[in-house]
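Peer 1: I'd like to go over a predicted model; first the sequence, then the structure.
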Amino acid sequence: MKLFTRLLALAVLCLLIGISFTTDQPQAAPQEPIKVGIIGTDTSHVPAFTKLLNDPKEPGYIPGARVVAAFKGGSHDVESSHTRVERFAAEIRDKYGVEIVASIEELLTKVDAVLLESVDGRPHLAQVRPVFKAKKRVFIDKPFAASYADAREIVRLSRESGTPFFSTSSLRYANDIVAMKTNDKLGGILGAMTFSPSPTEPHHPDLFWYGIHGVEMLYTLMGTGCESVTRTNAAGADVVTGKWKDGRLGTFRGIRDGKQDYGAVAFGAKGNAGAMPPIKTDYRPLLVEIIKFFQTGVAPVSPEETLELMAFMEAADLSKARGGAPVMLKEITDKK
């Protein structure tokens, strides 16, 4: 009985101490959303991303970040830029309360992190310089740049400033592609074939503009390590084959004529798997990864992989110029 009484008294004392401790401590304030700024309002990603971050009623709403400001940018000599830049800027201003600012420098005083969305890859290097200088984490959308040289300089500036970035296509996170990549039944991927639309734009190497989506799927499945590229070109399509250092082959088919679809096949040691159209994808999985990156500073795609992707695509242009001859990636990466 005495033991029971002592235990009861001890329990009451602990309860009282617990109540006192909890009531005396201030409740942790909810974490403020990351303030996101957009550079370039000339791509459909701008209203799509803003809707997912700013509209709590949206079924795919992603908490933890909010677009608060945007710089329009725009390129007068790219039709898909100058015909959309004002419209998308007005849409995110009027629907989601985003402030449109006059310069990148002004934008950087209002935000914690940046979505570099300019549809034209040529200004990306100049646009990201002040972002790195301000030490703001940045996602750089496709096309990452308009040349391998610019891409390499972006990586150098990132390292010099100690400010991380990452860049990828939303196709990397398509459910079917992720399922193939993580399918243990394949027994390791020995090769892959991907395809996607691949219209071109005269101010960019051919695959940089849109073929990048299919190339990104290829690298998601194959990983890095490509050493040479061969391209067969026709008016309505391209077939680009990469040879990896371990002897594996990866092929991308870029479609210009016919049905514009996305797909992939992975060839494994124990089995094969395919993702046929329509591949199920949306922007939400990508945006979830972007917000994680803004929060942690850990990029899910390394700068080294992004640079190799760029070298792969630039080597494909060189192969085309040489009538389909193989081009070593070292020829691109070693160029001063």
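Peer 2: Yep, that arrived.
Peer 1: Arg159 versus the most centrally placed residue in the chain, what's the distance?
Peer 2: By C-alpha atoms, centre = their mean, the chain has its centre lying nearest to Thr168, at 2.8 Å. According to C-beta to C-beta, to the nearest Å, Thr168 and Arg159 sit 19 Å apart. All C-beta spots, glycine's among them, are computed from the backbone N, C-alpha and C.
Peer 1: with Ser75 instead?
Peer 2: Taken as C-beta to C-beta, the span from Ser75 to Arg159 is 28 Å.
Peer 1: care to break the protein down by domain?
Peer 2: 34-167, 171-287+294-333 (automatic domain parsing).
Peer 1: any chance of those in a markdown table, plus mean pLDDT and mean neighbour count?
Peer 2: As requested, the domains of the chain are exported to a markdown table (pLDDT from 0 to 100; neighbours: other C-beta atoms under 10 Å):
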| stretch | mean pLDDT | mean neighbour count |
| --- | --- | --- |
| domain 34-167 | 98 | 19 |
| domain 171-287+294-333 | 97 | 18 |
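Peer 1: can you pull the contacts of Ser158?
Peer 2: Counting by C-beta atoms under 8 Å, 6 or more residues apart in numbering, Ser158 touches 132, 164-165, 303.
Peer 1: wait, a strand at it?
Peer 2: No: secondary structure of Ser158 (DSSP: H, G, I helix; E, B strand; the rest coil): helix, not part of a strand.
Peer 1: before we move on, back to that, quick check: the residue nearest to the centre of the chain touching Val301?
Peer 2: Yes: using C-beta atoms under 8 Å, Thr168 is in contact with Val301, at 4.9 Å.
Peer 1: which residues touch Ala69?
Peer 2: Listed by C-beta under 8 Å, 6+ apart, the contact partners of Ala69 are 35, 37-38, 98-101, 106-107, 110-111.
Peer 1: three-state assignment of it?
Peer 2: Classified using three-state DSSP, Ala69 is strand.
Peer 1: any idea what it is bridged to?
Peer 2: On the basis of DSSP bridges, Ala69 is bridged to Gly37, Glu99.
Peer 1: quick check: the gap between it and Lys136.
Peer 2: For Ala69, the distance to Lys136 - C-beta to C-beta - is 12 Å.
Peer 1: for stretch 196-203, what is the distance to the chain centroid?
Peer 2: 18 Å (C-alpha atoms, centre = their mean, to the nearest Å).
Peer 1: likewise stretch 163-172?
Peer 2: Worked out by C-alpha atoms, centre = their mean, stretch 163-172 lies 3 Å from the chain centre.
Peer 1: try stretch 236-243
Peer 2: 23 Å.
Peer 1: contact partners of that stretch?
Peer 2: Contacts of stretch 236-243 (C-beta under 8 Å, 6+ apart): 198, 206-207, 211, 215, 218, 222, 226-232, 249-258, 312, 316, 319-320, 326.
Peer 1: quick one: contacts for His203?
Peer 2: 77-78, 120, 122, 146.
Peer 1: got JSON lines for the residues you listed, with secondary structure too?
Peer 2: Listed next are the contacts of His203 as JSON lines, based on three-state DSSP:
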{"residue": "Asp77", "secondary structure": "coil"}
{"residue": "Val78", "secondary structure": "coil"}
{"residue": "Asp120", "secondary structure": "coil"}
{"residue": "Arg122", "secondary structure": "coil"}
{"residue": "Ala146", "secondary structure": "coil"}
